[in-house]
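Asker: Predicted model and sequence below, questions to follow.
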Amino acid sequence: MATPATTSFYSVCFEARPPLLRGVVMRPLSIPEFMEACEMLHHAAQQHRCPFWLLDGRADTPEIRPLDVYEWLTDDFLPQVRQSLGRLPCLAFIAQPGFWEALQAQHYAQPRPMQLSPNFWVNWFTTEAEALAWLHQFRTWPEDNAG
């Protein structure tokens, strides 16, 4: 496991076998901290050429961020990640059950694996085991078939 990049609010570490970036929310994030955490992940992904992200947000606030934050994530940030890595990033988010339900109610997340755009794969989970099982299917694909 590589040395993690850590702030008071977020931690990112890389595991080599099988390749995985782990991002962990340490406390509820403000919008600027959320965006900084995304940039930390992008930097680590570029450094390790790793498109597989396990993002543990269970310590984050149960409140949904404004829609423009999610638009930035899907319209700007993740397309940049895809371009810099040369393949689709696969993001497994772990959230508290109440947060997951709130996301579904706002149509931000669906209860099945999905590709929201040609730039990433994403799914939401309430346990790490489910998230890792979902990510595993993408880690077994040859790179040239992964987007």
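Answerer: Good, I have the coordinates. Residues are numbered from 1 along each chain as shown.
Asker: Number of residues surrounding Ile31?
Answerer: Using other C-beta atoms under 10 Å, Ile31 is surrounded by 12 other residues. No exception for glycine: its C-beta is placed from N, CA and C like everyone else's.
Asker: My read is that it contacts Val69, right?
Answerer: Yes: contact criterion C-beta atoms under 8 Å: Ile31 and Val69 qualify, at 5.9 Å.
Asker: pLDDT averaged over the one helix or strand Ala129 maps to, what's the number?
Answerer: Following DSSP states H and E, one finds Ala129 within helix 128-139. Per-residue pLDDT over helix 128-139 has a mean of 91.
Asker: Buried ones in it, by neighbour count?
Answerer: 131-132, 134-135, 138 (16 or more other C-beta atoms under 10 Å).
Asker: With respect to Arg49, which of those is nearest?
Answerer: Distances from Arg49 to those, taken as C-beta to C-beta, are shortest for Phe138 (14.5 Å).
Asker: what about the residue nearest to that closest one when sequence neighbours are not counted, how many neighbours?
Answerer: Excluding the flanking residues, the one nearest Phe138 by C-beta to C-beta, 6 or more residues apart in numbering is Cys90, at 4.3 Å. Applying other C-beta under 10 Å, we find 25 residues neighbouring Cys90.
Asker: the strands in the protein, which residues?
Answerer: For the chain, the strands defined by DSSP state E cover 5-6, 10-15, 20-25, 52-56, 90-94, 114-117, 120-125.
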